[in-house]
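Novice: got a predicted structure plus its sequence, pasted below:
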Amino acid sequence: MPATPTPTPPTPPTILWLRRDLRLGDHPGWELALAAGGPVIPVFILDPLTETATGAASLWRLGLSLDDLGRRLSARGSRLVLRRGDALDVLRALVAETGARRVVWSRLYDARARERDSAVKSALREAGIEAASANAALMHEPWQVETAQGGFFRVYTPFWRAVRDREVAAPLPEPGDLAPPAAWPASEALADWHLARAMNRGAEVVARFVGVGEAAARDRLDGFIADRIGAYKAERDRPDIEATSRLSENLAFGEISPRTIWHAGLAAMQRLGGRAEAGAEHFLKELVWREFAYHLLFHTPQIETRNWRADWDGFPWRPDNPDAERWRRGMTGIPMVDAGMREMYVTGTMHNRARMLVASFLTKHLLTDWRVGEAWFRDCLIDWDPASNAMGWQWVAGSGPDAAPYFRIFNPDLQATRFDPDGRYADRFIAEGRARPHADALAFFEAVPRRWRMSPAQAYPAPVVALEEGRARALAAFGSRHTDS
């Protein structure tokens, strides 16, 4: 009798460790996980680094994204396994429970995440487990874009010139078969993580403005391309009108890829022509500004915590102070500044023009250390991004790359005249003194901590500093530093 053939053993599972890549479309991590041919077990790990590095609003928003992705995976016959603990310990446990011989993930680029991931990769490989990573967050890896001398770029404009005509790979389609395993490892319950705890009552307010998940991100992109991209260059600095894509929230959690956005914007630019083409190109430049932030984060990781320009280390920034507290509470008495700060507390985001303005006011009119503002943004923004937040704050403060001259100080009143000419933005977020305050202005008082004891019936505060006085003080301080250097 012929010998009975030995059955081929099943291909062991691959663990797909998800982080800020919570989507199915254009996901190189999923492609890498499926390439082995065996089952794929998607897992999200709430490790100490994720918890400590993520502010209250972003951590709450992360929970919404995980819930959305979990439901999408369940509808496709897969699941999202949730575990809490040290990343390496959790992965080792999952390997033991599932028989997986492979772990893959999408890269992160901040120093602490890279250190963690390198340690995980080394430990897994030493244990005989294949470990691999993919790029799901950027169009170009930071080490792929170099100057003519082989170094990294320190200024945005040459960086833009270097990448504007560089090919960007087409987005990957959503996987057809998610290859679920026959048996699933246990998962913790998302509700047990209490990710909204630090948001307190603010979560209910901010929830009115979020656009959670891959489908919402795609709808935002499609709506922007159809209705607003042509006027983007002309109107993007107007916080009083709906002119931007609002995709920063979705990019922050990887609910949409930059490659998807790039190709949609590029197609619009090629289709529109004229002034509308300029609007589309400017939108692409803003996407590349995000790439530049990650380029710098990778090559100069100190940008998160130290002055990017070392010659600023001796500048006498004020540490946290009562004026900064008034700034945090949207009570500076400068309407355009306060409107921006309150917009962030109500919606979880802030218009980019307002971000530059409030950052300039804190670091220049109030001469307060940019790290005070960076930390507040990190805690309050649902679209917090480690690279963009750090670079943006240092750029405005003057201590960072592509910095404006030290004497360029935004005047909030002139900014309001130019970019909020009818006062609609200020009226939307400031209730005091209005006979019929906007619902969003009243929502601010619903969201703030009760201990602040704020009410829309109270009088609007006098300015924390006269604008000309603050400007003169800043010019003296910055001018002295400039002369000394």
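Specialist: Perfect, I can see it now.

Novice: distance between the helix or strand containing residue 57 and the chain's centre?
Specialist: Using DSSP states H and E, residue 57 maps to helix 56-75. Distance of helix 56-75 from its chain centroid, counting by CA atoms, centre = their mean, to the nearest Å, is 15 Å.

Novice: and what of stretch 361-376?
Specialist: 19 Å.

Novice: next, the distance between the ends of that stretch.
Specialist: Using CA to CA, to the nearest Å, one end of stretch 361-376 lies 14 Å from the other.

Novice: what about the strands in this structure?
Specialist: In the chain, strands defined by DSSP state E lie at 14-18, 40-46, 81-84, 102-106, 130-134, listed in chain order.

Novice: just put these in TSV and tack on distance to residue 334 and mean pLDDT.
Specialist: To be clear about C-beta, it is placed using only N, CA and C from the backbone, and glycine gets the same treatment. Below are these laid out as TSV (distance: least, CB to CB, whole Å; pLDDT from 0 to 100):
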stretch	distance to residue 334	mean pLDDT
strand 14-18	42	98
strand 40-46	39	98
strand 81-84	43	98
strand 102-106	41	98
strand 130-134	45	98
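
Novice: JSON lines please, covering those and showing distance to residue 71 and mean neighbour count.
Specialist: Shown next, in JSON lines, are these (distance: least, CB to CB, whole Å; neighbours: other CB atoms under 10 Å):
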{"stretch": "strand 14-18", "distance to residue 71": "15", "mean neighbour count": "25"}
{"stretch": "strand 40-46", "distance to residue 71": "13", "mean neighbour count": "23"}
{"stretch": "strand 81-84", "distance to residue 71": "13", "mean neighbour count": "19"}
{"stretch": "strand 102-106", "distance to residue 71": "21", "mean neighbour count": "24"}
{"stretch": "strand 130-134", "distance to residue 71": "24", "mean neighbour count": "18"}
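
Novice: picking that back up, buried residues, the helix holding residue 57. List them.
Specialist: Using 16 or more other CB atoms under 10 Å as the test for burial, helix 56-75 gives 56-70, 72-73.

Novice: next: stretch 129-149.
Specialist: Judged by neighbour count (16+ other CB under 10 Å), stretch 129-149 contains these buried residues: 129, 131-140, 142, 145.

Novice: just the CA atoms of it, as CSV, please.
Specialist: Extracted in CSV, the C-alpha atoms of stretch 129-149 (Å, rounded to 0.1, in the frame of the first residue of the first chain):
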residue,chain,number,x,y,z
ILE,A,129,10.0,34.8,16.9
GLU,A,130,10.1,36.7,13.7
ALA,A,131,9.6,40.4,14.2
ALA,A,132,9.1,42.9,11.4
SER,A,133,7.8,46.5,11.0
ALA,A,134,6.3,48.5,8.2
ASN,A,135,5.7,52.2,7.3
ALA,A,136,2.0,53.0,7.7
ALA,A,137,2.3,56.6,8.9
LEU,A,138,4.3,58.5,6.3
MET,A,139,4.7,58.9,2.6
HIS,A,140,8.5,58.9,2.9
GLU,A,141,10.6,57.4,5.6
PRO,A,142,12.7,60.1,7.4
TRP,A,143,15.9,58.5,6.3
GLN,A,144,14.8,58.3,2.6
VAL,A,145,14.8,62.1,2.1
GLU,A,146,18.3,63.6,2.1
THR,A,147,20.1,66.8,1.2
ALA,A,148,22.6,66.9,-1.7
GLN,A,149,25.3,66.4,1.0
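
Novice: helices of the stretch 251-400 of the chain, start to end?
Specialist: Using DSSP state H, counting those that start in this stretch, the helices of the stretch 251-400 of the chain run over 258-272, 274-299, 322-328, 335-347, 352-360, 370-380, 386-397.

Novice: right, and those helices - which one's nearest residue 119?
Specialist: Each of these has some distance to residue 119 by CB to CB; the shortest is helix 274-299, at 17.9 Å.

Novice: report the buried residues of that closest one.
Specialist: Buried-residue list, helix 274-299, by 16+ other CB under 10 Å: 276-298.

Novice: that one to helix 386-397, inter-axis angle?
Specialist: Taking axes from the mean of the first three to the mean of the last three CA atoms, to 10 degrees, one finds helix 274-299 and helix 386-397 inclined to each other by 100 degrees.

Novice: show me what helix 274-299 is packed up against.
Specialist: Helix 274-299 sits against helix 156-163, helix 232-235, helix 258-272, helix 386-397, with contacts defined as 3 or more CB pairs under 8 Å, 6 or more residues apart in numbering; DSSP states H and E.
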